[in-house]
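Colleague: below is the structure, and that's it, no one-letter string:
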């Protein structure tokens, strides 16, 4: 027989390993209750996204919607995301650090007008277990990328370097205007 248990933890890994469902509480208010897959991949609000480690939360404005794909203006770039939102709607693009890919700037080949690419400058570089946590600053936003040691060695990144941060369409969770 199944036994219902409530475990209170701040350890996100522990919650995913031990729980069938995860409830996110903030100041005594239940913000979201769902499977760990749902909570971590599709947080219901920007607050929840911050709690579950979606460090990259980029505000944007919907420009157009075509065939279920939405074009969102972020900084001086355009992102294509899945979903249907009204043109003019303000949205938040949520991207996990491990879903940002970094590449070197190479003139027009990596132009910031390309879809799902942001030009950024490398800030702090932190070794983080078997990976490197790279703090980035785009024209208007702070971003975080988590890259493998092999990628770090290949890119030879240093603070102050200019890079292009890109992300796959599937890596973006969009929080619409009704997100808390």
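Modeller: Right, received. Where do you want to start? This one's a predicted model, so the numbers in the text were calculated from it and none came from an experiment.

Colleague: now do the helices in this structure.
Modeller: Counting by DSSP state H, one finds helices in the chain at the ranges 12-18, 36-41, 46-51, 149-155.

Colleague: relative to residue 170, which of those is closest?
Modeller: helix 36-41 (10.2 Å; CB to CB). From N, CA and C alone the C-beta is placed, and that goes for glycine too.

Colleague: and the average pLDDT for that closest one is what?
Modeller: The pLDDT scores in helix 36-41 average 92.

Colleague: now the lowest-mean-pLDDT helix or strand in the chain, how far from the centre of its chain.
Modeller: None of the helices or strands of the chain scores lower by mean pLDDT, DSSP states H and E than helix 12-18, at a mean of 88. Taking CA atoms, centre = their mean, to the nearest Å, one finds the center of helix 12-18 at 20 Å from the center of the full chain.

Colleague: what residues of it count as buried?
Modeller: Neighbour counts over helix 12-18 (16 or more other CB atoms under 10 Å) mark residue 15 as buried.

Colleague: show me what it is packed against.
Modeller: If you count contacts as 3 or more CB pairs under 8 Å, 6 or more residues apart in numbering; DSSP states H and E, helix 12-18 packs onto helix 36-41.

Colleague: so what's the residue count around the residue lying closest to residue 69 once chain neighbours are set aside?
Modeller: Distances taken as CB to CB, 6 or more residues apart in numbering place residue 80 nearest to residue 69, at 5.7 Å, with adjacent residues excluded. Residue 80 is flanked by 14 other residues according to other CB atoms under 10 Å.
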